[in-house]
Every structure is written in structure tokens, then in C-alpha cells.
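In: Turn this into a structure:
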Amino acid sequence: DVQLVESGGGAVQAGESLRLSCKISGSSTRWMGWFREAPGKQREGVASIDRFGSTTYADSVKGRFTISQDNAKNTVYLQMNSLKPEDAAMYYCAARRGLSSTLTPAEYDYWGQGTQVTVS
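Out: The predicted structure is shown next:
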């Protein structure tokens, strides 16, 4: 089994930055992803990274968000710069055992509880 615990959310103003962290414990997985869900909207993929460092980003965050990992700490990060009001959402960390890259939520096997990001 895999356990995921997110942290780092908060309230910021537009243009500011936040770094989210996802602590992973349990079995290893191939892909880790960050997703977000705003009120009234479907959950959407933001970024993913595999154990070898390959990354994928949603077009809406390219150039502003960076996903990274520290394997020694079993932690995945999402650095979010130049935040916009439309980035406000609950952000979730997820893990996927499958081999291919995807930002489709249904393709992920394990989920954290989420951390709230508010941008005004």
C-alpha cells in the first residue's frame, strides 16, 4: 500500500509563490502526480514525474510550475510561481503504478487528502 501526505498550501496573492510537498510512504510506484480540483470543476492533472525524473505538465501551468522529487526524503514537490486566481483549488498528490505518463486522474491508484491553495 501507499500513503501520501500533502503540505504547503496556503493563501497568497496573485503573482506570489508556494511550494507544495507530498511525503510518500509504503510501496514504491512509477509515477507521482499533482492534481487540483476547484469548486464546481472536475479534478485536473497539473504535473507528473516518474522515478527517473521525466516530467509532464498541463499547458495551463507550463513555465510557472515545477515538479521535482527528493528520493532520499521520499518527497515530491510542486513549486508554483506567478500564481493566478485561477490556480486556486484543492491540490492533491497521487501515485500511479502504470508505466506510461498521464495526467488523467482515473489512471492514478493512490491519493492524498489534499492541501488548499487560495489565490486572491
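In: switch to C-alpha atoms for all contacts and neighbour counts from now on
Out: Noted.
In: Sticking with Thr56, tell me its helix or strand.
Out: Using DSSP states H and E, the element containing Thr56 is strand 55-57.
In: List the contacts of the residue nearest to the spatial centre of the chain.
Out: Centroid-nearest residue in the chain: Trp34, 1.9 Å away (criterion: CA atoms, centre = their mean). Neighbouring residues of Trp34 by CA atoms under 8 Å, 6 or more residues apart in numbering: Gly45, Val46, Ala47, Ser48, Leu78, Tyr91, Tyr92, Cys93, Ala94.
In: what about the second one, neighbour count?
Out: The tally of other residues near Val46 (other CA atoms under 10 Å) stands at 24.
In: May I have the phi/psi pair for the residue nearest to the centre of the chain?
Out: Reported as degrees, to the nearest 10, the phi and psi values for Trp34 are phi -110, psi 140.
In: Skip the chain neighbours and tell me the closest residue to Ala58.
Out: Nearest non-adjacent residue to Ala58, counting by CA to CA, 6 or more residues apart in numbering: Val46, 5.1 Å away.
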